[in-house]
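> Here you go, sequence then predicted model.
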Amino acid sequence: MSSSAIDADGDAPDLVCQLDNVQGIVDALTSVRWKRHQDAVLEISEHGVVLIVEESSCLQAKVYLQKELFVRYEYSAEGRPRFGVSLGLFVDCLNTFSVPGNSTSIEIRYPGPDMQLLLKSVDSLDACIYAEVRTRIPDTISWDYNFEPAGSTPLSFTVKSAALKEVIDDLEWPGSSIKITLQPVPPSVTFRGEGHGDLQIDFMYYANTDLLISFSCDRQISYRYKYKFLRATTSNIPGSVIRDNRGSKLTIGGGGMLKVQHLVSVARPSTSHTHIDSAGYQQPSRIAYIEFFVKPEVDDNTVND
Amino acid sequence: MKFKAYITDHGVNLLEKRFLPALDKMGKTCHLYLTRDHTFFLHNLLNGDGIQSIAQFKKESLFEEYRISSQNDDKIAFSIDLSLLHRALRSILNIYVEFSGHGGGGGVGGVAAASNNRIQIKLVKKLPAHSQQAMPFLTFETKGYKSAVIQDVPISKPLSRADMAELQSVLDTAQEMPRTLVRLKDMNQIEQFVDRMKHVGEVINVSISKYGDLHLQISTSLITLGAEFRKLLVLGEQAAEVLNGGNLSAQTRTQMAIQRGDAMMVQVSVKHFFKSLQCHLAKPDCAFYGISSHGSCLTVIFQFFVPGTRQTDKSISLHCRLPVLDPGSN
């Protein structure tokens, strides 16, 4: 849709933004795509775009695309408009714009004349790709998981992303539910799966500081989480995150709610191929933040305090 | 009914590396149609609603010492399984190259000719094992350093006079040119795009304008995804583009062009469209897209250059015709 056609209505759209790294955004969104058909809610604000997906009131994921990730970000709505899209369709659609080995710039606009999300490539005058994604009015259910700290000292640890994925993949065979235990003495994190068999994986903070990058815990705590929800937090994290292997942060909040955070680099395409910073340094503005919230299983045996 | 020839090295390359892989994607079996001057590989000409593909070679581009005779004006046609044909040719080639390599390590080139080793192709009738009835085969034969190899590819009975006449008449219709053709040079771009968009829907709208726009669009109740290639070279009927068209959206521009009669739009199956792109395996140098005059099919014509030049190689031609879906059927 051209700008003149929109302006004729007298209203500026809520959002007009432009991206120069579609693949990075596709990676970020793919990491929360744990099944084929998923409804997502997009919320736009002056700070950026947040995409939220949820399952069975037990698992929620958010992808934060801050406005710094965009080459251009013009927000002119009142309040924070929200709309629903099919995540799979949205990712497939974005993927169409991403041409390997080519930097592709796209413009995203919301809303279109029929409340669609409008996308178009802006690289070339003589070849143009465009898309119109139908949006829905999102469900009115509460999307907020109210993650609260569990106490004055945060209960958290940061582990190399590849190691975390490996641990969770390994826990597949015992299946069912996974108990995560944090204890201060000796400072360690334990993943234990009990199902068809038992499997326990320990991260000792002093023994593997290169795996367990940071650790914070003032008392022993343990909660059980359903394996399929835990798996969703790492099953689709993109290869680039594993290669960067920065670290994923896990925090246990009030009531045992588990928060898993990943960082996905949305680097400028021009630098990503020819030169990769050996220190893995990225400008903070070129990072998409991904958060998963997993509710614990209700379990009488949970050892608490 | 007799057919016997030797496949040239150029012919082997064309078939084994380029055309058979491409044609195999069009469909498992095709008609092989041999005339005094040409060889055709024809898909879906006699049966039905699939994508038609027509590959045509002058006999000199594939064969030498070409001999054909039949009571039907020296024409022979039969259907053949392309993957079997491809396998037989590869097997023959292994032995052939081995021999040629021994002759001086020069590969498939002149060495083979010097050593007088060639690949013979002929039609035979043979009695297969455990059978009382002779069956027709297309047979390849060559010799290696220590061995000789014969590959028999089973084929259908030759087409009857009546079927052949029908094949010829459909072929004549299929050679009809659209009034306007637009040229796409960067075929990778369209291939990547359709490869990604084929998950989205099953029907693709294709519109072609007389001023060189090719517009592809897949539209479902949830999403509309499109690509527009503009200012392409136009062959045939042309029109001047309306001023200020550049400010409009692709959809609006296309709609206006259709209303003015400067563009045509058809719907074809995404599956067929994707198949037609598999012709890129035959390594054409560019592609022309056009819609037949009554909008009955989408025609894609692939152009091949004489190697190292920008001149069309007229001894090879390949084009596809994609059946148009009835707009009411959706």
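That came through, no problem.
> Outline the domain layout of the chain.
By default, I'm working from chain A. Domains of chain A are assigned by automatic domain parsing as A:3-133, A:155-294.
> other chain: chain B
Split by automatic domain parsing, chain B gives B:2-174, B:180-329.
> Specify the stretch among those that is closest to A:Asp170.
Checking the domains of chain B against A:Asp170 by C-beta to C-beta gives domain B:180-329 as the closest, at 31.8 Å. C-betas here are computed from N, CA, C, even on glycine.
> Can you give me the separation between B:Glu60 and B:His272?
Distance check for B:Glu60 against B:His272: by C-beta to C-beta, to the nearest Å, it reads 32 Å.
> hang on, I meant B:His199
16 Å.
> between the two, which one's more packed in?
Using other C-beta atoms under 10 Å in any protein chain shown, the more surrounded residue of B:His199 and B:His272 is B:His272, with 21 against 15.
> helix/strand/coil for that one?
Three-state call for B:His272 (DSSP: H, G, I helix; E, B strand; the rest coil): helix.
> show me the contacts for it.
Each residue near B:His272 by C-beta atoms under 8 Å, 6 or more residues apart in numbering or on different chains is listed here: B:Gly50, B:Ile51, B:Leu322, B:Pro323.
> same check, this time on B:Thr299
Counting by C-beta under 8 Å, 6+ apart, B:Thr299 touches B:Met177, B:Pro178, B:Leu181, B:Tyr289, B:Gly290, B:Ile291, B:Ser292, B:His319, B:Cys320, B:Arg321, B:Leu322.
> backbone phi and psi for the last one, please?
To tie it back to what came earlier, the one meant is B:Leu322. Dihedral pair for B:Leu322: phi -100, psi 120, per degrees, to the nearest 10.
> what distance separates stretch B:10-26 from the middle of the whole chain?
9 Å (C-alpha atoms, centre = their mean, to the nearest Å).
> Stretch B:147-166 too?
On C-alpha atoms, centre = their mean, the centre of stretch B:147-166 falls 19 Å from the chain's centre.
> just to revisit the earlier point, among the domains of chain A, show the one with the smallest mean pLDDT.
Across the domains of chain A, domain A:155-294 has the smallest mean pLDDT, namely a mean of 84.
> Now the terminal residues of that one, how far apart.
Between the start and the finish of domain A:155-294 there is a gap of 15 Å, counting by C-alpha to C-alpha, to the nearest Å.
> after whichever helix or strand A:Lys249 is part of, next one along is what?
Assigned by DSSP states H and E, A:Lys249 falls within strand A:248-252. Counting by DSSP H and E, the next helix or strand C-terminal to strand A:248-252 is strand A:258-265.
> Partner strands of that following strand, with direction?
strand A:248-252 (antiparallel), strand A:287-294 (antiparallel) (DSSP bridges).
> in that strand, what's buried?
Within strand A:258-265, the residues scored as buried using 16 or more other C-beta atoms under 10 Å in any protein chain shown are A:Leu258, A:Lys259, A:Val260, A:Gln261, A:His262, A:Leu263, A:Val264, A:Ser265.
> Looking at stretch B:223-235 now, give me its mean pLDDT.
93.
> Buried ones in that stretch, by neighbour count?
B:Ile223, B:Thr224, B:Leu225, B:Gly226, B:Ala227, B:Glu228, B:Phe229, B:Arg230, B:Leu232, B:Val234, B:Leu235.
> and those residues near chain A, which?
When contact is defined as C-beta under 8 Å from any C-beta of the partner chain, the buried residues of stretch B:223-235 meet chain A at B:Ile223, B:Thr224, B:Leu225, B:Gly226, B:Ala227, B:Glu228, B:Phe229, B:Arg230.
> doesn't A:Asp126 make contact with the fifth one?
No. With contacts defined as C-beta atoms under 8 Å, B:Ala227 does not count as touching A:Asp126, sitting 11.6 Å away.
> picking up where we left off before, nearest to chain A among the contacts of B:His272?
B:Leu322 (20.9 Å; C-beta to the nearest C-beta).
> Specify the beta-bridge partners of the closest one.
B:Leu298.
> and it, how many residues sit next to it?
Neighbours of B:Leu322 using other C-beta under 10 Å come to 24.
> In contact with it, which residues?
B:Ile51, B:Gln52, B:Val268, B:Ser269, B:His272, B:Phe273, B:Ser276, B:Cys297, B:Leu298, B:Thr299, B:Val300.
> ok, now with 7 Å
B:Ile51, B:Val268, B:His272, B:Phe273, B:Ser276, B:Cys297, B:Leu298 (C-beta atoms under 7 Å, 6 or more residues apart in numbering or on different chains).
> Need the max-distance pair from those.
B:Phe273 and B:Cys297 (12.1 Å).
> that older thread, buried subset of the contacts of B:Thr299, written for ChimeraX?
Only the buried members of these end up in this ChimeraX selection, burial being decided by 16+ other C-beta under 10 Å:
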select /B:178,181,289,290,291,292,319,320,321,322
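> In CSV, list the contacts of B:Thr299 along with distance to A:Met204, pLDDT and secondary structure.
Below are the contacts of B:Thr299 laid out as CSV (distance: C-beta to C-beta, whole Å; pLDDT from 0 to 100; DSSP: H, G, I helix; E, B strand; the rest coil):
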residue, distance to A:Met204, pLDDT, secondary structure
B:Met177, 75, 91, coil
B:Pro178, 72, 94, coil
B:Leu181, 70, 96, strand
B:Tyr289, 64, 97, strand
B:Gly290, 70, 97, strand
B:Ile291, 69, 96, strand
B:Ser292, 73, 92, coil
B:His319, 68, 96, strand
B:Cys320, 64, 96, strand
B:Arg321, 68, 95, strand
B:Leu322, 63, 96, strand
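> what about the longest helix seen in chain B, average pLDDT?
In terms of residue count, the longest helix belonging to chain B (DSSP state H) is helix B:82-102. Throughout helix B:82-102, pLDDT has a mean value of 85.
> And stretch B:127-140, by the same measure?
Averaging pLDDT along stretch B:127-140 yields 90.
> end-to-end on it?
17 Å.
> mind checking how far it is from the chain centre?
Using C-alpha atoms, centre = their mean, the offset of stretch B:127-140 from its chain centre is 29 Å.
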